[in-house]
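Asks: Model the following, please.
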Amino acid sequence: MRAVKKLLSAGVAAAALSAAPIAASGADLPTVIPAKAPVVAAVPAYNWSGLYVGLNGGGGTGESMHTDANFGVTTEKFHVGGGLVGGTAGYNFTVGRWIWGIEGDLDWAGIKGQSAAIAVAGGLATYGTSLLELGTVRGRVGYAFDRFLPYLTGGLAVGDVQGSITAPTLVTSATQLRAGWAAGAGVEYGLSTSLSIKAEYLYVGLSSTTAVPMDNVGFRSSIIRAGLNWRFD
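Replies: Reported below is the predicted structural model:
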């Protein structure tokens, strides 16, 4: 019995001596630190601020009416339509995601039409209206979704309006520069850091004009146009 106890004691001692180096080596193992996730740089927001110039073009459709004291005639409203093309310049500044700016443009226009024949003294007369040029100076305010910018716009409109009368006893025409207003909305999209495209709707109303002596001419038009702008960073 004593021999068995001695054998067991010797076994326990040997096991303890064997485990000691393993424990010591385990204590010497380095602490494993989890690797940090890579830092992803934030993508900078699209910059709408600054001066820009561009081209625009599109078409318009609307109505005109003449009130003619020569023959005592007021026409029904008649259709006018046609195209326009020109240049644009403007400036934007940014407040948060709001984009504020001012924009001006000058377009050659060919928006025109004429009335049906109307009975006057001595026969029939037709009345014509043509918008030859259109310029606007407007404020813009939009809310940017990075490269996508919807906006509202409105301000001053100025146009060269030509009126004409063709009648048996009177064939005449004249042009006057008239002021009015323009208002609408649009969307613009940034193609690159400097280049953007836009689509825009404007409603233009020009005050009645005595383009032909004793003939007041009214003009209204809805204009849809596209544009390409280049911004100077």
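
Asks: Would you map the strands across this protein?
Replies: 50-68, 73-74, 78-95, 98-114, 118-120, 123-143, 148-167, 170-190, 195-212, 215-232 (DSSP state E).

Asks: Dump those strands to CSV, plus mean neighbour count.
Replies: Using the backbone N, CA and C atoms, a C-beta is placed for each residue, glycine as well. Below are the strands of the chain laid out as CSV (neighbours: other Cβ atoms under 10 Å):
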stretch, mean neighbour count
strand 50-68, 19
strand 73-74, 16
strand 78-95, 16
strand 98-114, 18
strand 118-120, 15
strand 123-143, 19
strand 148-167, 20
strand 170-190, 16
strand 195-212, 19
strand 215-232, 20
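
Asks: Can I get the ones you listed in JSON lines including mean pLDDT?
Replies: Formatted as JSON lines, these follow (pLDDT from 0 to 100):
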{"stretch": "strand 50-68", "mean pLDDT": "97"}
{"stretch": "strand 73-74", "mean pLDDT": "94"}
{"stretch": "strand 78-95", "mean pLDDT": "97"}
{"stretch": "strand 98-114", "mean pLDDT": "98"}
{"stretch": "strand 118-120", "mean pLDDT": "93"}
{"stretch": "strand 123-143", "mean pLDDT": "97"}
{"stretch": "strand 148-167", "mean pLDDT": "97"}
{"stretch": "strand 170-190", "mean pLDDT": "96"}
{"stretch": "strand 195-212", "mean pLDDT": "94"}
{"stretch": "strand 215-232", "mean pLDDT": "96"}
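
Asks: Need the contact partners of stretch 187-198.
Replies: By Cβ atoms under 8 Å, 6 or more residues apart in numbering, the residues outside stretch 187-198 that reach it are 46-48, 52, 142, 146-151, 186, 199, 226-233.
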